[in-house]
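Enquirer: quick check, what structure comes out for this input:
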Amino acid sequence: MTSTDVRIEADDSGPSGYAAARLRLLTEGTRSGPPRRAALAELTDDWLAGLFTGAADDPKATAGGPQAPADSPQGVSLVAVGGYGRGELSPRSDLDLLLLHDGSDPDAVATLADRLWYPVWDLGLALDHSVRTPAEARKTAGEDVKVQLGLLDARHLAGDAALTAALRTAVLADWRNQAPRRLPELQELCAERAERQGELRYLLEPDLKEARGGLRDATALRAVAASWVADAPREGLDEARRRLLDVRDALHLTTGRATDRLSLQEQDQVASELGLLDADTLLRQVYEAARVISYASDVTWREVGRVLRSRAVRPRLRAMLGGGRALGSGKPVAERSPLAEGVVEQEGEVVLARTARPERDPVLPLRAAAAAAQAGLPLSLHAVRRMAATTRPLPTPWPAEAREQLVTLLGSGRPTVEVWEALEAEGLISRLLPDWERVRCRPQRNAVHIWTVDRHLIETAVRASELTRRVSRPDLLLVSALLHDMGKGWPGDHSVAGEIIARDVAARIGFDRADAAVLSTLVRHHLLLVETATRRDLDDPATVRSVAEAVGTQSTLELLHALTEADALATGPAAWSSWRGSLVTDLVRRVAAVLAGDAPDQPEPAAPTADHERLAVEAFRTGAPVLALRAQREPVTGEEPTGEPEPLGVELLIAVPDQPGVLPAVAGVLAVHRLTVRTAELRTLRLPEDVDDGSVLLLNWRVAAEYGSLPQATRLRADLVRALDGSLDITGRLAERDAAYPRRRGWPAPPPRVTVAPAASHHATVIEVRAQDAPGLLHRIGLALEKAGVRVRSMHVSTLGSNAVDAFYVTTGTGAPLPEQDAGSLARALEQTLRA
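Expert: Got it, this is the predicted structure:
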């Protein structure tokens with residue numbers, strides 16, 4: 001059936017004729033979606049145009065209201081606005097109508113209005129109507145942005161077409177001229193509505209129109225585009241809008257009501273009306289559409305802000321006589337600040353450096369995302385799309401840098417969410433983690449959960465980032481947070497399915513077999529602690545023993561405790577309480593006591609290699625530092641992967657005659673040269689008796705350039721010599737750099753935590769430091785330890801993502817462990833120093 005099959009003939013333009021044709025259109029099974037909405041709009045257009053013409057030309061005609069005057073007014077038109085103006089009529093949509101007139105005969109216009117409105121009311125249709133002159137319409141629009149948005153979609157129905165066209169032109173010109181003032185108003189309205197209604201893509205009973213990511217936001221994006229200030233990302237936007245309109249149509253038909261609320265009890269019927277498998281499939285499609293609109297809104301409003309700020313500062317730039325402008329272009333040069341290799345900040349966004357080559361750098365998407373999240377900045381839409389289009393896939397297993405960048409991204413707190421969504425919007429997440437596709441936008445029909453499965457996983461990582469100081473392996477905590485509910489995309493027990501997924505993903509992203517086993521254990525038992533603590537008798541030794549057997553080690557228990565809390569906090573307010581927390585903590589204490597009985601002795605350090613001894617002898621004989629910089633081995637083309645992860649960065653070996661100040665000096669020099677420390681070990685090496693009875697400090701570092709290339713070993717050695725003799729002011733150099741290029745921090749990182757590890761060594765006191773990694777961190781720690789007058793016998797430093805997990809074996813000047821009271825004072829003083 002075509003649209004002409006339901007068009008009303010001239011002699012059948014009354015309410016009954018329209019009602020019958022409307023009923024046929026809505027009940028026929030051959031049309032749905034945009035064709036049906038367009039046909040319904042056209043049908044309604046013809047009916048209203050007939051009413052208008054009949055009222056103007058036939059004073060004897062009646063249509064359920066007052067009779068039209070013999071001299072119908074000139075300079076009058078009937079205009080559809082809002083959703084009806086766009087031709088988007090759902091079965092129970094309001095009719096948004098404006099009777100526009102030139103003001104020459106108000107009484108006649110009022111009578112004409114009654115002749116138009118009464119037939120609509122007689123049919124029980126919802127009507128949003130107004131009667132205004134063009135000047136009144138523009139004045140009202142200037143006072144109410146909602147009215148202005150409706151007029152932007154004005155469409156002529158009947159009467160004086162020139163009058164309608166003049167209004168459309170004037171309203172559009174007003175909107176564009178007033179954009180710097182009106183767009184912030186519109187953005188504020190959208191934000192207030194989102195606060196009231198929530199996010200459509202996470203609600204079990206969403207409002208398709210009012211919730212964030214719904215139809216009103218799609219309309220707002222059209223208005224922004226009409227302003228010529230910015231435009232929304234087009235890909236998928238029209239399809240997302242169409243999907244929400246289709247769902248609303250089905251909702252209207254199944255309920256018989258003008259509602260936009262997709263209630264639980266109606267979702268099965270709506271799914272059936274749309275030919276979908278079930279209500280979950282329906283919600284996933286709704287969430288997908290809302291995600292597209294929400295992301296487009298984020299990008300668009302960010303661009304609006306950028307453009308309006310640029311316009312505000314342009315007069316000042318013109319007054320600078322061309323300063324800071326590109327040669328010959330007259331345009332200001334945007335400042336670009338480096339954040340990571342191939343990644344810079346520009347105008348409040350993270351963009352790719354001009355030298356970036358995504359087609360040759362498969363780690364670039366993760367590096368850019370980690371840098372953006374750490375700085376609390378959004379990823380540029382252009383950058384994400386370029387990376388999605390040109391970046392080649394990561395090899396399997398991932399290189400160490402890719403894994404580290406993923407951990408850094410996951411550990412960046414709240415900014416992780418926005419950055420992750422930007423990657424997901426362009427398909428990069430599913431490309432990196434194929435299993436993600438099965439949980440993306442998956443609803444959770446549980447009143448306790450407030451998020452979809454995919455968002456819950458990211459929220460758990462955000463919560464876990466706040467708990468990283470409590471664990472010795474923050475990388476495993478963050479990755480387990482991301483993976484713990486991945487099994488919900490498969491049938492059966494999601495913990496059992498998730499265990500298999502976790503093991504596969506861990507191997508793919510480059511964890512070794514031992515770490516993969518820990519991750520799979522964490523995922524398999526992520527509900528064990530809370531379920532046991534709240535449902536079992538903790539005084540029964542068998543209960544505690546069963547948990548200990550499932551967990552296996554103290555470190556895994558530590559991780560599982562943090563994961564349990566992060567998971568519950570990310571679920572919703574009803575999932576965690578101080579009572580539940582105390583029960584879980586009590587269980588963990590009991591299990592830890594059982595596991596402590598099986599704790600292995602501290603392993604002996606590995607014997608020095610021949611290279612170590614050679615460097616130590618040379619350093620002792622010359623009385624100066626000796627360096628060896630060894631690049632990471634590149635895999636041979638065609639070489640089969642070993643399954644074991646490659647180390648990150650390059651190896652830097654330094655041998656220095658034993659003397660005070662070595663640790664802060666070396667760490668400071670590396671920070672000055674913008675070298676990021678991934679791992680580090682310090683040990684005191686006794687020289688062979690046939691050489692001399694002396695000792696040398698041997699430092700084994702794994703470092704990577706923050707961006708750019710590595711410095712030459714000769715430069716590092718020269719600066720190290722100057723740092724040791726006091727001629728290089730490291731603290732001053734770092735302070736000057738920080739002042740000139742302040743490091744952006746996008747989220748409040750958990751505070752540093754410094755503790756004394758009990759019974760960790762018989763020969764030294766072990767000071768454990770867990771802190772946010774930052775340039776100069778090891779330098780500051782070294783200075784604090786030197787100031788305290790302790791001797792660093794050895795150290796073990798690891799940087800896991802953005803988290804530093806360090807252990808320092810310190811002694812008194814005579815080589816004995818610190819007294820208990822002194823050790824506690826040292827830990828407190830060091831923590832205070834790092835928090836300052």
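Enquirer: T731 contacts G668, doesn't it?
Expert: Yes: with contact taken as CB atoms under 8 Å, T731 and G668 are classed as touching, separated by 7.4 Å. Heads up, the C-betas are built off the backbone N, CA and C, glycines and all.
Enquirer: distance of A807 from A80?
Expert: Taking CB to CB, to the nearest Å as the measure, A807 falls 72 Å from A80.
Enquirer: correction: L282
Expert: Taking CB to CB as the measure, L282 falls 30 Å from A80.
Enquirer: over to L23?
Expert: In this view, L23 and A80 are 21 Å apart by CB to CB.
Enquirer: neighbour count winner among these two?
Expert: Each of L23 and A80 has its neighbours counted (other CB atoms under 10 Å); A80 has more, 25 against 11.
Enquirer: returning to that earlier point: which of T731 and G668 has more residues huddled nearby?
Expert: Shown here are T731 and G668; by other CB under 10 Å, G668 has more neighbours (26 against 14).
Enquirer: which pLDDT does the model give that one?
Expert: At G668, the pLDDT value in this model is 92.
Enquirer: quick one, what contacts V439?
Expert: V453, D454, L457, D485, M486, K488, G489 (CB atoms under 8 Å, 6 or more residues apart in numbering).
Enquirer: how far out from the middle of the chain is the host helix or strand of A655?
Expert: Using DSSP states H and E, A655 sits within strand 650-657. Relative to the centre of its chain, strand 650-657 is centred 39 Å away, using CA atoms, centre = their mean, to the nearest Å.
Enquirer: dump the C-alpha coordinates for the helix or strand following that strand into PDB.
Expert: Once the chain leaves strand 650-657, the next helix or strand it forms, by DSSP H and E, is helix 662-672. Extracted C-alpha coordinates of helix 662-672, given in PDB (Å, rounded to 0.1, in the frame of the first residue of the first chain):
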ATOM      1  CA  VAL A 662      73.700   6.700  44.900                       C
ATOM      2  CA  LEU A 663      69.900   5.900  44.700                       C
ATOM      3  CA  PRO A 664      68.600   9.500  44.600                       C
ATOM      4  CA  ALA A 665      71.300  10.500  42.200                       C
ATOM      5  CA  VAL A 666      70.700   7.700  39.700                       C
ATOM      6  CA  ALA A 667      66.900   8.000  39.900                       C
ATOM      7  CA  GLY A 668      67.100  11.800  39.600                       C
ATOM      8  CA  VAL A 669      69.300  11.600  36.400                       C
ATOM      9  CA  LEU A 670      66.800   9.200  34.800                       C
ATOM     10  CA  ALA A 671      64.000  11.600  35.700                       C
ATOM     11  CA  VAL A 672      65.800  14.600  34.200                       C
END
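Enquirer: which elements pack onto helix 662-672?
Expert: Counting contacts by 3 or more CB pairs under 8 Å, 6 or more residues apart in numbering; DSSP states H and E, helix 662-672 is packed against strand 650-657, strand 675-686, strand 695-705, helix 713-725, helix 730-740, helix 777-787.
Enquirer: go ahead and name everything in contact with the one helix or strand R580 maps to.
Expert: Element membership of R580 [criterion: DSSP H and E] is helix 578-596. With contacts defined as CB under 8 Å, 6+ apart, helix 578-596 is touched by 529-530, 532-534, 538, 544-545, 547-548, 551-554, 557, 561, 564-565, 568.
Enquirer: before we move on, back to that, what sits in contact with each of T731 and G668?
Expert: In terms of CB under 8 Å, 6+ apart, T731 and G668 are both contacted by the residues H779.
Enquirer: pass me the low-pLDDT residue ranges in the stretch 501-650 of the chain, would you?
Expert: By pLDDT under 70, the weakly predicted segments of the stretch 501-650 of the chain are 598-606, 631-648.
Enquirer: repeat that for 90
Expert: Along the stretch 501-650 of the chain, segments meeting pLDDT under 90 span 534-542, 572-580, 596-624, 628-650.
Enquirer: now G275, what's its secondary structure?
Expert: When classified by DSSP: H, G, I helix; E, B strand; the rest coil, G275 comes out as coil.
Enquirer: still on that earlier bit, partners of the strand holding A655, with directions?
Expert: Applying DSSP bridges, strand 650-657 is found paired with strand 626-630 (antiparallel), strand 695-705 (antiparallel).
Enquirer: which one of the ones you listed lies nearest to L366?
Expert: Taking CB to CB, strand 695-705 is the member of those nearest to L366, at 14.3 Å.
Enquirer: quick check: buried residues in the closest one?
Expert: The neighbour-count check on strand 695-705 (16 or more other CB atoms under 10 Å) flags V696, L697, L698, L699, N700, W701, R702, V703, A704 as buried.
Enquirer: please save the CA atoms from that strand in PDB.
Expert: Taking C-alpha atoms only, strand 695-705 is exported to PDB below (Å, rounded to 0.1, in the frame of the first residue of the first chain):
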ATOM      1  CA  SER A 695      81.800  -3.500  47.600                       C
ATOM      2  CA  VAL A 696      80.000  -2.000  44.700                       C
ATOM      3  CA  LEU A 697      76.300  -1.000  44.300                       C
ATOM      4  CA  LEU A 698      74.800  -2.600  41.300                       C
ATOM      5  CA  LEU A 699      71.600  -1.100  39.900                       C
ATOM      6  CA  ASN A 700      69.600  -3.000  37.200                       C
ATOM      7  CA  TRP A 701      67.000  -0.800  35.600                       C
ATOM      8  CA  ARG A 702      64.400  -1.400  33.000                       C
ATOM      9  CA  VAL A 703      63.600   2.000  31.500                       C
ATOM     10  CA  ALA A 704      61.600   3.500  28.600                       C
ATOM     11  CA  ALA A 705      61.600   7.000  27.100                       C
END
